[in-house]
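K.L.:
all I have is the shape, not the residue letters:
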């Protein structure tokens, strides 16, 4: 069944399902960045997506396929999936209950509340959001919308990749390299499936925050490796403890390897995106760009697609990015 | 002759000339802003244009029509037209000399230098940039690219309006109101021509900084009125002393009336654009949005197109916008 496989066919079908309901986000260029890095960099601006992040694609794709009687949904998320499920539920006339860590960025808590969701907060260090979520879903008779390890969610995220294929095709560009952020791996699993179907020689790399490079390690060891979760990072959107079973089974086929960047490198990328692309990125949304600016990979004279995944950032964090020295 | 008239036909021809050479900038939506203002607001993000402002459209449209022997150009500008002419000259293999005020925003001086232009600075208070420019052009045998009061420049800027017509058409929207910033009036002259050709009942308003509302006054008096130029404003892109002869002859036909906003209202609009649209605007680029947020016009239950014209802002100014309270 097409619907139960992450493939170009199922992603194309999702793109039709989502037409007019999502933003076809632009690919941006900066002559300055290209000259400075001696490269051709194409930035897919998913911060301009509804709710300010790609997550709306996967949530909406999944929720649009629910039956009418499935009128309650539950999700857990530190923020972007939370807002995405809340928005998709609101737009399709459903009730959403979202489990969010107490220390989620304020703008993400506000954004989720804006869409009318019931918010249940929990302690990131001492409670399991999955347990709370599953219990609540049972009690409410609600459908769980998983954050990443779900075929329909991955297919939805893949529509961002399909758009890139089409947009690069229009200007006659075949990407040599694709760089994409990675938390649980849903976005890169979907995007890499679309990219590889059209451009089989393109090298695709996951980019993760330092200390949260579970996909990098897992790709290297060819099995799922967990993070120690002893560290902190400002990249709140990318703090998964390990790759998903479904996402990793796709990513180990499609990805060349993994890259990690420091928080400061993410801040520099945010400042550079502000300055040269005139857009607002959150730390997790800027890590793929950070990988290019911090010379984590050879991009000279290549065509490089960078996925900028979101822009939901609290003001104090954005102010701190403006204190770094941009490219 | 089509080429010497600002009309839908000449703007359409310019759009073909510029195809693939300019960014077809997106129209962005914010569910939050729409709900808060009880309106339907469509934001044309010209900050995502090449050089970070709409000015590239007019400069490139004009320079593409020069003969091969016209290989030197001269322009005067506080920054966005400067960068636009420098970029268009560089891309088409010409030499650009740009006269810029000493106190231009640093990012605009840097941006102009990046494109390889020769920069001549002058004192905004004691020297005439037009005199310096004309003298230099004569000496160099260079062609002057005027900042706004030129048919080909206006036609080029009009392609932003034509894109809006097409983009709104795709989603079945007829704008009730269009709000557009106004310095010398080139952008709004071009945009209003395209809009009025398709939507004759749409009301179009110029938006200017307080104390620099020469177009507002001129529209009211039905003749060109000059600003006193005794005041200052952070909207450096909009500090023309009076409307152009050509731009005003078009604008007095197309515009309903003028609106003015304070510097602080522009800063609040910049912060709100950062927060809800995830984009970076400069003060002058944010005045049209500011007019809606500051309730300068009744937009309830209407379809409102807002042109956000540029995003070239120095860091200290952007930091000061983050200190305001956004919507």
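P.N.:
Done, it's in. Bear in mind that the values here come from a model prediction, so they are computed numbers and not experimental data.

K.L.:
and the lengthiest helix in chain A, anywhere near chain B?
P.N.:
Longest helix in chain A, counting residues (DSSP state H): helix A:151-170. No. Helix A:151-170 stays out of contact with chain B when judged by CB under 8 Å from any CB of the partner chain, the minimum separation being 9.1 Å. Using the backbone N, CA and C atoms, a C-beta is placed for each residue, glycine as well.

K.L.:
show me what that helix is packed against.
P.N.:
Helices and strands touching helix A:151-170, by 3 or more CB pairs under 8 Å, 6 or more residues apart in numbering or on different chains; DSSP states H and E, are helix A:8-18, strand A:27-28, strand A:40-45, helix A:55-63, helix A:186-198, helix A:245-254, strand A:303-308.

K.L.:
just confirm residue A:82 is within a helix.
P.N.:
Yes. Counting by DSSP: H, G, I helix; E, B strand; the rest coil, residue A:82 is found in a helix.

K.L.:
residues contacting it?
P.N.:
Residue A:82 sits next to A:75-76, A:98, A:100, A:104, A:108, A:111-112, A:117, A:119 when contact means CB atoms under 8 Å, 6 or more residues apart in numbering or on different chains.

K.L.:
coming back round to it: from the chain's centroid, how far away is the longest helix of chain A?
P.N.:
Centroid separation for helix A:151-170 versus its chain: 12 Å, with CA atoms, centre = their mean, to the nearest Å.

K.L.:
and for stretch A:249-264?
P.N.:
Relative to the centre of its chain, stretch A:249-264 is centred 13 Å away, using CA atoms, centre = their mean.

K.L.:
in it, what counts as buried?
P.N.:
Neighbour-count burial for stretch A:249-264 flags A:250-252, A:254-255, A:258-263 (criterion: 16 or more other CB atoms under 10 Å in any protein chain shown).

K.L.:
mean confidence score for it?
P.N.:
The pLDDT scores in stretch A:249-264 average 98.

K.L.:
buried ones only from the contacts of residue A:82, please, as a PyMOL command.
P.N.:
A single PyMOL command selects the buried members of the contacts of residue A:82 (16+ other CB under 10 Å):
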select buried, chain A and resi 75+76+98+100+104+108+111+112+117
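
K.L.:
of the contacts of residue A:82, which is the nearest to chain B?
P.N.:
Ranked by distance to chain B (CB to the nearest CB), those are led by residue A:111 at 8.0 Å.

K.L.:
count of residues packed around the residue lying closest to residue A:162 once chain neighbours are set aside?
P.N.:
Distance criterion CB to CB, 6 or more residues apart in numbering or on different chains; nearest residue to residue A:162, sequence neighbours excluded, is residue A:194 at 4.4 Å. Using other CB atoms under 10 Å in any protein chain shown, residue A:194 has 27 neighbouring residues.

K.L.:
stretch A:110-123 vs chain B: in contact?
P.N.:
Yes. Counting by CB under 8 Å from any CB, chain B has neighbours in stretch A:110-123: A:111, A:114-115.

K.L.:
make a markdown table out of the residues you listed and add pLDDT and secondary structure.
P.N.:
Output for the residues of stretch A:110-123 next to chain B, formatted as a markdown table (pLDDT from 0 to 100; DSSP: H, G, I helix; E, B strand; the rest coil):
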| residue | pLDDT | secondary structure |
| --- | --- | --- |
| A:111 | 95 | helix |
| A:114 | 97 | helix |
| A:115 | 97 | coil |
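
K.L.:
hang on, the earlier thing: what is the nearest of the buried residues of stretch A:249-264 to residue A:9?
P.N.:
residue A:250 (14.8 Å; CB to CB).

K.L.:
close enough to count as contact, the closest one and residue A:189?
P.N.:
Yes. Counting by CB atoms under 8 Å, residue A:189 is a contact partner of residue A:250 at 4.1 Å.

K.L.:
who touches both of those two?
P.N.:
Contacts common to residue A:250 and residue A:189, judged by CB under 8 Å, 6+ apart, are A:6, A:154.
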